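Undergrad: Quick one, structure for this:
(chains A, B, C and D)
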Protein chains: 2
Amino acid sequence: MSDITVLVVDDEVRMRKLIKDFLIKKGYGILEAGDGEEALTVFEENRNKIKLILLDVMMPKLDGWSVLRQIRQDSKVPIIMLTARGEEQDELFGFELGVDEYISKPFSPKILVARVEAILKRTSPELKELKDYGGIVIDPEGRTVTVDSKQIEMSLREYELLKYLLDNEGIALSRDKILNNVWNYDYYGDSRTIDSHIKKIRHKLGKRGKYIQTIRGIGYKFEIK
Amino acid sequence: MSDITVLVVDDEVRMRKLIKDFLIKKGYGILEAGDGEEALTVFEENRNKIKLILLDVMMPKLDGWSVLRQIRQDSKVPIIMLTARGEEQDELFGFELGVDEYISKPFSPKILVARVEAILKRTSPELKELKDYGGIVIDPEGRTVTVDSKQIEMSLREYELLKYLLDNEGIALSRDKILNNVWNYDYYGDSRTIDSHIKKIRHKLGKRGKYIQTIRGIGYKFEIK
DNA sequence: ATGAATTTTCAACATATTTTAACCGCCACC
DNA sequence: GGTGGCGGTTAAAATATGTTGAAAATTCAT
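TA: Just a heads-up that it's a prediction; the model follows:
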């Protein structure tokens, strides 16, 4: 489970619920606060988990700007301000205080999610997309393969071939298809070459190697079983 | 040792000691003054070293506002005013005179330190945030690279290439990508020239050179391991 | 502007790794 | 029980990178 949590601060319950639903769908954890004071308390208690704050400007007790200032005294956590229409004149003021983004109400959930993801992506490296296929973890950015938490060295073809199989999890792939996708389309050679690579990959995957199944007469398939 | 010195001006010895202790712990040098006149004297004598002044408002002989005004006549040194509760109405007045921050007594040491660091960070270049990649420290402003506290001479391309790798820590970069980002986009030459530079950089990085990994068939990747 | 010093690029060779082809023996399927 | 497909193995071929040094380009100082 992702331990990336977003703190949503808004005095309207409906608004919080709306935001919450969308962000949870994206796999983030959510914490809520209904006013500025609560926001500060919740933030202090969950400092390490909170990777982003969505902060409404207009709130009872302590408004968004005050919360922002307090938090900025000793934290650089990204903050997105939620402003009602017509409050734009404050933007400059806010940027000086370290506001990362503004979203003005009413907003489309799509925009909200997009901005949240954009900010989190640039601030939380742990968000890198790692896919886990039954103990086999592949990181396309770093071009690394990890099996049961141990990094495995893979050559170019090995990596590409494995990735192709994983991307097509559960689908039987013919040798032709594999050749056309992993090798250059103009490769004209023995399709038995694939077998050699499969063998090496299976070996490197250790006990997970059996996830690569042979489909007699066709080719191979990756399936976790 | 840092030669950043903070001048603490307050008539209460206890208060000065409190502040002093915390800032010394953070590695700053401290100068003290017990009243406004002394403050001006000490400031004049240590003008070049003093990078920040913490200035109490209420003081005998010459109050904080007068000191502020005097200093502002020919110096832009950042000043944080220490105000007693209930003096907030003066804030606007102070900002015009070039007050950078207010901290109202009583304050938590944490807040004090946080604000001091925030201001120094943006005003004292020598405090600039330097990123440390496993012993390799890069300063984009100064265009310098330090390995295990020893500065390394880097040529233009070497620096740019290393910086690009560091900026993309953990990401495998193809030669194409590297060429397009580090060289001018219209460079048409041998991509093997990258290798030459990599070799030189690795050599200069010494034992840290191994953090630059070659991804066979792709290019290179920087990763601390 | 000129020459010196440095940096960058390139070419050539050395090494290392990957890919491929070829062969063998086994096993599944008819 | 034959047979064609597959896995395993091996070594040669192909490719990629490391290394070196010198030419070309650029920068710098005079």
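Undergrad: next helix or strand past the least confident helix or strand in chain A by mean pLDDT?
TA: Counting by mean pLDDT, DSSP states H and E, chain A has its least confident helix or strand at helix A:91-96, which shows a mean of 56. Using DSSP states H and E, the next helix or strand after helix A:91-96 towards the C-terminus is strand A:101-105.
Undergrad: Please settle this for me: is A:Leu137 part of a strand?
TA: Let me fix one detail, which is that residue A:137 is Val and not Leu. Yes. Counting by DSSP: H, G, I helix; E, B strand; the rest coil, A:Val137 is part of a strand.
Undergrad: On the pLDDT front, check the closest residue in space to it that isn't next to it in sequence for me.
TA: Of all residues not flanking A:Val137 in the chain, A:Thr146 sits nearest, at 4.3 Å (C-beta to C-beta, 6 or more residues apart in numbering or on different chains). Placement of C-beta: from N, CA and C, glycine included. Here, the pLDDT recorded for A:Thr146 equals 91.
Undergrad: Over to A:Asn180?
TA: pLDDT, read off for A:Asn180, is 81.
Undergrad: A:Ile152 now?
TA: Taking A:Ile152 on its own, its pLDDT is 89.
Undergrad: Run through the bridge partners of it.
TA: Applying DSSP bridges to A:Ile152 gives these bridge partners: A:Val145.
Undergrad: So it is in contact with A:Lys204, correct?
TA: Yes. A:Ile152 is within contact range of A:Lys204, at 5.2 Å (criterion: C-beta atoms under 8 Å).
Undergrad: Going by neighbour count, which residues of stretch A:107-115 are buried?
TA: A:Leu112, A:Val113, A:Arg115 (16 or more other C-beta atoms under 10 Å in any protein chain shown).
Undergrad: quick one, what contacts A:Ile30?
TA: A:Thr5, A:Val6, A:Leu7, A:Val8, A:Ile19, A:Lys20, A:Leu23, A:Ile24 (C-beta atoms under 8 Å, 6 or more residues apart in numbering or on different chains).
Undergrad: same question, A:Met154
TA: With C-beta under 8 Å, 6+ apart, A:Met154 has these contacts: A:Val145, A:Leu162, A:Ile201, A:Lys204.
Undergrad: Roughly how far does it sit from A:Ser75?
TA: Going from A:Met154 to A:Ser75 by C-beta to C-beta, to the nearest Å gives 40 Å.
Undergrad: for DNA strand D, what are the nearby residues on chain A?
TA: A:Arg192, A:Asp195, A:Ser196, A:Ile198, A:Lys199, A:Arg202, A:Thr214, A:Ile215, A:Arg216, A:Gly217, A:Ile218 (C-beta under 7 Å from any atom of the strand).
Undergrad: just to revisit the earlier point, which of the contacts of A:Ile30 count as buried?
TA: A:Thr5, A:Val6, A:Leu7, A:Val8, A:Ile19, A:Lys20, A:Leu23.
Undergrad: The first one touches A:Gly27, doesn't it?
TA: Same thing as A:Thr5. No. With contact defined as C-beta under 8 Å, A:Thr5 and A:Gly27 do not form a contacting pair (11.0 Å).
Undergrad: who are the neighbours in contact with the nearest residue to A:Leu31 once chain neighbours are set aside?
TA: Once flanking residues are discounted, A:Leu31 sits nearest to A:Leu7: 4.8 Å by C-beta to C-beta, 6+ apart. With contact set as C-beta under 8 Å, 6+ apart, A:Leu7 has these partners: A:Ile30, A:Leu31, A:Glu32, A:Ala33, A:Ala39, A:Val42, A:Phe43, A:Asn46, A:Ile50, A:Leu52, A:Ile53, A:Leu54.
Undergrad: Tell me the buried residues in the helix or strand that A:Asp195 is a member of?
TA: Per DSSP H and E, A:Asp195 falls inside helix A:192-205. Going by neighbour count (16+ other C-beta under 10 Å), the buried part of helix A:192-205 is A:Ile194, A:His197, A:Ile198, A:Lys200, A:Ile201, A:Arg202, A:Lys204, A:Leu205.
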